[in-house]
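Student: just need the structure, nothing else, for what follows:
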Amino acid sequence: MTLSQLTLHNFRNYPELRLNAAPGFMVFSGANGAGKTNILEAVSMLAPGRGLRRAALRDIAYQHGPGDFAVAAQLDDVHLGSGTSVETPERRKTRINEAMVPTNDLAEWLSILWLTPAMDRLFTEGASGRRNFLDRLVTALEPAHAGNCARYEAARRERNRLLADGYQADRDWMDGLDVQLARFGSLVAEARSRVVVALNEGLQQSDGSIFATPHLHLADDQVHTEEQLHQMLRQSRSADRAAGRTTRGPHRTDLKVFHAAKRQPAEKCSTGEQKALLFSIILAHADLIAERRTGRPILLLDEVAAHLDPQRRAALFDKLATRGGQVWLTGTEPDLFVDIPQNALHFEVSDGTVTPR
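Tutor: Below you'll find the model as predicted:
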């Protein structure tokens, strides 16, 4: 999975940008605020979801533009594009080879994984961030997962509306929503469970001498089948009505991560250990995608080199080079990437301009 060209229109601080890409390392260096992360965010918009910043669509558009934005890329002989229009700046539209498609269809063509400084808080903040992280991992491996999550959430929002209204005159509609929640919720739960099991198997075989080895665990209601979930939803209606919302189900799942060697929850580990655990998960997941799909995923690594000592930084670059695939990296100093293979493409980013080095 390698992009050969990336084109931006009214994206963040880039009114226009066309960037030729190649397999291997794509390295962007420059001062803080120059626009390095914006390039990685643009690539992340070629996947389902809200991108690596999870920003509102209006915030992505170029500040001095009319309010729209577009990201396009070439993947072999396939042209991918996603963005908004001036007329509907809050609605994202996606095209594949010029045909309009649901945005979730992007997962059929590309697997994109990322690691950003903001993810350092993943283990210490609320469960919703860890669910989003897990669902991105699942979608990268099983593209249908994005659509199942969207259908589950749509049914849950409607069910919550009925619960808040008392649903006295809509009991049949509530019954139908429970059927939908059970169907799509079970698919979501089962896919999450499959990926966690597969990741743990891969992590057990990983080299723990470079980065800490994590163990993943799903903390939820232990409901995975459609029948179990349907029964649970019916039994919890009284409690849900009192709360005005759906209180149980896959939307309450939490991803728990443990430092395997220390047998310690990730949230109790040091910041450096937490970052190492994230590295291990991302690398193991990339290997899993390469094994089960048609190629390695695109990796977006934002400002990761600065937080590693020289030995681990060199080991990371060596590991990534050995495995292959396309890796996009950012850093403030070019010297951070001296151990990158010589065939890497290096770019200098300055105030919204990108120049080959």
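Student: dump the residue contacts of residue 217.
Tutor: 196, 255, 256, 257, 258 (Cβ atoms under 8 Å, 6 or more residues apart in numbering). For glycine as for every other residue, the C-beta is placed from the backbone atoms N, C-alpha and C.
Student: equivalent analysis for residue 266, please.
Tutor: Residue 266 touches 123, 214, 256, 257, 258, 259, 273, 274, 277, counting by Cβ under 8 Å, 6+ apart.
Student: what's around the third one, how many residues?
Tutor: Right, residue 256. 16 (other Cβ atoms under 10 Å).
Student: how about it: what's its closest non-neighbour residue?
Tutor: Of all residues not flanking residue 256 in the chain, residue 217 sits nearest, at 4.4 Å (Cβ to Cβ, 6 or more residues apart in numbering).
Student: residue 153 contacts residue 250, doesn't it?
Tutor: No - using Cβ atoms under 8 Å, residue 153 makes no contact with residue 250, being 9.9 Å away.
Student: just to revisit the earlier point, what's the spacing between the residue nearest to residue 256 and residue 172?
Tutor: Going from residue 217 to residue 172 by Cβ to Cβ, to the nearest Å gives 39 Å.
Student: likewise for residue 3?
Tutor: In terms of Cβ to Cβ, residue 3 sits 49 Å off from residue 172.
Student: so who does residue 203 touch?
Tutor: Residue 203 makes contacts with 213, 214, 215, 216, 260, 280, 281, 284, as judged by Cβ under 8 Å, 6+ apart.
Student: where in the stretch 201-350 of the chain is pLDDT low?
Tutor: When residues are selected by pLDDT under 70, those of the stretch 201-350 of the chain lie in 208-209, 221-223.
Student: and the helices in it?
Tutor: Along the stretch 201-350 of the chain, counting by DSSP state H, counting those that start in this stretch, helices occupy 226-235, 237-243, 271-292, 310-323.
Student: list the buried residues for the third one?
Tutor: Across helix 271-292, burial judged by 16 or more other Cβ atoms under 10 Å covers 273-290.
Student: same check on the second one?
Tutor: Counting neighbours by 16+ other Cβ under 10 Å, one finds that the buried residues in helix 237-243 are 237, 240, 241.
Student: out of those residues, which comes closest to residue 25?
Tutor: residue 240 (50.1 Å; Cβ to Cβ).
Student: these two touch, right, the closest one and residue 249?
Tutor: No - checked against Cβ under 8 Å, the pair residue 240 and residue 249 is beyond contact range at 9.9 Å.
Student: tell me the one of the buried residues of helix 237-243 nearest residue 38?
Tutor: Nearest member of the buried residues of helix 237-243 to residue 38, counting by Cβ to Cβ, is residue 240, at 41.8 Å.
Student: re the thing from before, of residue 153 and residue 250, give the one with the bigger neighbour count.
Tutor: residue 250 (28 against 16).
Student: tell me which residues touch that one, please.
Tutor: 152, 185, 188, 189, 192, 220, 223, 229.
Student: let's go with 7 Å and repeat that
Tutor: Going by Cβ atoms under 7 Å, 6 or more residues apart in numbering, residue 250 touches 152, 185, 188, 189, 220.
Student: now residue 114, nearest residue through space, not along the chain?
Tutor: residue 300 (3.8 Å).
Student: for the one you found, name its beta-bridge partners.
Tutor: Residues in a beta bridge with residue 300, per DSSP bridges, are residue 114, residue 328.
Student: could you check how far it is from residue 236?
Tutor: Residue 300 is 39 Å from residue 236, where distance means Cβ to Cβ.
Student: more neighbours: those two, which one.
Tutor: When residue 300 and residue 236 are compared on other Cβ under 10 Å, the one with more neighbours turns out to be residue 300, at 28 against 15.
Student: so the more buried one versus residue 203, what's the distance?
Tutor: 21 Å.
Student: what does residue 250 give?
Tutor: 23 Å.
Student: right, I'll leave it there.
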